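Novice: I need the structure of the sequence given here:
(chains A and B)
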There are 2 protein chains.
Amino acid sequence: MARIVMKFGGTSVADLDRIRNVAGKIKREVDAGNEVAVVVSAMSGVTNQLVAWCQSLAPLHDAREYDAVVATGEQVTAGLTAIALQELGVPARSWAGWQLPLHTDDAHGRARITGVEGDTLRADMRAGRVPIVAGFQGVGPESRITTLGRGGSDTSAVALAAGLKADRCDIYTDVDGVYTTDPRIVARARKLDRISYEEMLELASVGAKVLQTRSVELAMKQRVRIQVLSSFEDKPGTLVVDEDEIVEQAVVSGIAYSRDEARITLRQVPDRPGVAAAIFGPLSAANVNVDMIVQSVSAEGTTDMTFTVGRSDLPRAEQILAERSAEIGAGAVLTDPDVAKISVVGVGMRSHAGIANTMFGTLAGKGINIQVISTSEIKVSVLISAEYTELAVRALHTAYGLDA
Amino acid sequence: MARIVMKFGGTSVADLDRIRNVAGKIKREVDAGNEVAVVVSAMSGVTNQLVAWCQSLAPLHDAREYDAVVATGEQVTAGLTAIALQELGVPARSWAGWQLPLHTDDAHGRARITGVEGDTLRADMRAGRVPIVAGFQGVGPESRITTLGRGGSDTSAVALAAGLKADRCDIYTDVDGVYTTDPRIVARARKLDRISYEEMLELASVGAKVLQTRSVELAMKQRVRIQVLSSFEDKPGTLVVDEDEIVEQAVVSGIAYSRDEARITLRQVPDRPGVAAAIFGPLSAANVNVDMIVQSVSAEGTTDMTFTVGRSDLPRAEQILAERSAEIGAGAVLTDPDVAKISVVGVGMRSHAGIANTMFGTLAGKGINIQVISTSEIKVSVLISAEYTELAVRALHTAYGLDA
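Specialist: Sure thing, here's the model as predicted:
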């Protein structure tokens, strides 16, 4: 008998037939003698609709109200899944984030989990009832509903798996595993049997949208074994595990891309101590995540500062920079939402030289200009014009010998 | 300065433009110096969709899960309305039932309010923030979400008005007041300026769906003055007030009808003590409301028992009666969902004879057969075949001199 957390994404619960299918999968695990807890996302499209309503009423809406609105999607799915499971003769009940409770901080719209109280849930599971937990949501310090950011249901599932000391966290989704790159772009992309937390983390953070970044961070920290698998097929998926569990390491495991970023350039920023803090402090305070940062060498006492933010944060970032521009003493603020970040990822990079150079050479060979470069121990990322996304990904997939 | 609870129904918040319109109406009351609390329903159509999903997954679904699912509709509207109001510069925040909390019993799907904690809300209002309360919902004794039954947002609003000792509870809806009958059936129906709680109660309970029955009961008990008015026009509506506030009483105030009922007949029920309890006890235990009950005179030791239930309760009622039939010792169970209840209502009836007789004569004159009759102090109701609904209502409206 194993203790398993099963998480079903939006496309897996997109309509009533699929919810019935999900109930069948849950029943099968229960019938096999496993102790099961379930986390569900909103029905596909629902969250987008709710977000669109909030944005249409006010582009800079109150994040606390946004959370109260969008968290409803998961509550609906949890209730419907409980009903579908009961109909198959399996006792079940739905749990909203505030009912567990799943505690978070008060960073509405992208709250961080501060604790999961698993006692009530465990008691319910021991009594033979399957808990169906609404993903993506929690409750903040002032008893207001919070959400964990897009894809947050993955993080809910991993947090629950850690809290329940589950043997595995199965993430059911619309893909059957983690690929060397997006198969919609590269037909010869290959499914990986296993991938390390570190690599998955880099892939997730640069837009291989299989798992939310924070869910992988949490899994790595809490040593939760994740399996990514399809809700529509019956076959094993990709295991996301500790590096030690992977026998043969490839130098490069995958190529990822992200079109969810926007570039901001501040011209003629005074080149003096404290100016970076004056720019990024207010952005951070407003919960705007800043990614790749490049500062050019100073000329005539000023410098240009370029960085990327999530595309949806661009209006907020622009507003903040406009308000602070006098204080910062910068010149024009240039923005470009039409950029893509392309990344080459692999733990094998640590012991191999020339990975970055292969990337730059390959892109140059296709005439693609590199706007920003950033590197980590197991990743090289570049920012390019969005129109070259597919071309770049295909060329790199071939260059690193990943084609099937 | 007055303290006002404003309640907006589903059609009043059907889309973003209407929500903006609602925000404008709230702002106007705030700008006029009034202290305002708001209760909102789900966007028109949303609740029906959620209910349909539950029923499609399981006709006899777990009412606790049903509540968790359908309560989300109001939470969405509350959040969106708060955002729209903030956008007009009016501080606001949404409140879910469990956040207030609005306590109820555990009769899921039709829970009764057991208390509203108004302190937090009053503090928020004193601080100049408009509370936008999700109607229709509360929280049960075990911290599970409950709903108050269809139209329950009216009851939420009246309970809130009582809890806040509000001067008035304005119920904004898609009609501009209470009419002598449904204007869609009788073009010459007239709008009433005032109507007594007692009359409104009878009209509400027989299907003049302007206000939920329980909201009127609660208003009568707590002496909450209700105004029913249109969210789409700027003119006074109908005041629902104490009988003493109405100077000139009509004998008959209105004609109501309901097609939401179904008839059940139990044949050959043994005519012995305790048989009625054996029938209606289990129905009551299952929260099936039984309305008009007729028992014919006994023949050969058995009798026929006819009664009506809400049409949506018919499958549940049939199942219960089938399970209990051996115990009851009855013969066949006949059901007919195609019935309508027509009622003539007026406080003036108390001092006037012949009201019922006019009704029976008028219906007979149109060739309409009466299946069941029930009367109260200020109401006469008959059950007829549903196909005669419009004909009966028109004939009675004319017969009682109500035509404009």
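Novice: helix or strand right after the lowest-mean-pLDDT helix or strand in chain A?
Specialist: Least confident helix or strand, chain A: helix A:197-205 with a mean of 83, by mean pLDDT, DSSP states H and E. Later in the chain than helix A:197-205, the nearest helix or strand by DSSP states H and E is helix A:213-222.
Novice: So which bits of that following helix are buried?
Specialist: A:213, A:214, A:215, A:216, A:217, A:218, A:219, A:220 (16 or more other Cβ atoms under 10 Å in any protein chain shown). In short, each C-beta sits where N, CA and C put it, glycine included.
Novice: Would you reformat the residues you listed as TSV and include pLDDT and distance to residue A:391?
Specialist: Output for those, formatted as TSV (pLDDT from 0 to 100; distance: Cβ to Cβ, whole Å):
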residue	pLDDT	distance to residue A:391
A:213	82	26
A:214	86	31
A:215	91	31
A:216	91	28
A:217	91	31
A:218	93	35
A:219	95	33
A:220	94	33
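Novice: Taking the stretch 301-404 of chain A, what residue is nearest to chain B?
Specialist: When scored by Cβ to the nearest Cβ, the stretch 301-404 of chain A has residue A:315 as its residue closest to chain B, at 14.7 Å.
Novice: pLDDT wise, what is that residue at?
Specialist: Looking at residue A:315, its pLDDT reads 93.
Novice: so residue A:308 touches residue A:261, yeah?
Specialist: Yes. Using Cβ atoms under 8 Å, residue A:308 is in contact with residue A:261, at 4.5 Å.
Novice: hmm, back to that, now the element after the one helix or strand the residue of the stretch 301-404 of chain A closest to chain B maps to, going C-ward?
Specialist: Applying DSSP H and E as the criterion places residue A:315 in helix A:314-328. On the C-terminal side of helix A:314-328, the closest following helix or strand by DSSP H and E is strand A:333-336.
Novice: what does that next one contact?
Specialist: For strand A:333-336, the external contacting residues (Cβ atoms under 8 Å, 6 or more residues apart in numbering or on different chains) are A:262, A:263, A:264, A:265, A:266, A:267, A:314, A:318, A:321, A:322, A:325.
Novice: one more time with 7 Å
Specialist: With contacts defined as Cβ atoms under 7 Å, 6 or more residues apart in numbering or on different chains, strand A:333-336 is touched by A:262, A:263, A:264, A:265, A:266, A:267, A:314, A:318, A:321, A:325.
Novice: Low-confidence stretches in the stretch 201-350 of chain A?
Specialist: For the stretch 201-350 of chain A, the stretches with pLDDT under 70 are A:204-209, A:248.
Novice: let's go with 80 and repeat that
Specialist: A:204-210, A:247-250, A:296-299, A:325-326 (pLDDT under 80).
Novice: What's the ChimeraX line that selects buried ones from the contacts of strand A:333-336?
Specialist: The ChimeraX command for the buried members of those (criterion: 16+ other Cβ under 10 Å) is given here:
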select /A:262,263,264,265,266,314,321
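Novice: Now for residue A:164: which residues touch it?
Specialist: Taking Cβ under 7 Å, 6+ apart, we find residue A:164 in contact with A:3, A:5, A:37, A:118, A:122.
Novice: tell me which parts of chain A are close to chain B?
Specialist: Residues of chain A lying close to chain B (Cβ under 7 Å from any Cβ of the partner chain) are A:16, A:50, A:53-54, A:56-58, A:61-62, A:65, A:68-69, A:72, A:75-76, A:78-80, A:82-84, A:86-87, A:94, A:98-99, A:143.
Novice: Just the ones of those residues in strands?
Specialist: Members of the residues of chain A next to chain B lying in strands (criterion: DSSP state E): residue A:94.
Novice: Buried only: go through the residues of chain A next to chain B for me.
Specialist: Buried residues within those, counting neighbours by 16+ other Cβ under 10 Å: A:16, A:50, A:53-54, A:56-58, A:61-62, A:65, A:68-69, A:72, A:75-76, A:78-80, A:82-84, A:86-87, A:94, A:98-99.
Novice: Just give the number of residues close to residue A:85.
Specialist: Neighbours of residue A:85 under the rule other Cβ atoms under 10 Å in any protein chain shown: 30.
Novice: likewise the one 4 residues further on?
Specialist: Residues within reach of residue A:89, counting by other Cβ under 10 Å, total 8.
Novice: Can you give me the distance of it to chain B?
Specialist: For residue A:89, the distance to chain B equals 11 Å [Cβ to the nearest Cβ, to the nearest Å].
Novice: Next: residue A:192.
Specialist: Distance from residue A:192 to chain B, by Cβ to the nearest Cβ: 36 Å.
Novice: Now that residue: phi and psi?
Specialist: The phi and psi values for residue A:192, taken as degrees, to the nearest 10, are phi -90, psi 140.
Novice: Name whatever forms a beta bridge with it.
Specialist: Applying DSSP bridges to residue A:192 yields these beta-bridge partners: residue A:178.
Novice: Which one of the residues in the stretch 151-300 of chain A is closest to chain B?
Specialist: residue A:153 (16.1 Å).
Novice: In which helix or strand does that residue reside?
Specialist: Per DSSP H and E: helix A:152-163 holds residue A:153.
Novice: now the angle between helix A:213-222 and the next helix or strand after that helix, please.
Specialist: Per DSSP H and E, the first helix or strand lying C-terminal to helix A:152-163 is strand A:168-173. Strand A:168-173 runs at 170 degrees relative to helix A:213-222, counting by axes from the mean of the first three to the mean of the last three Cα atoms, to 10 degrees.
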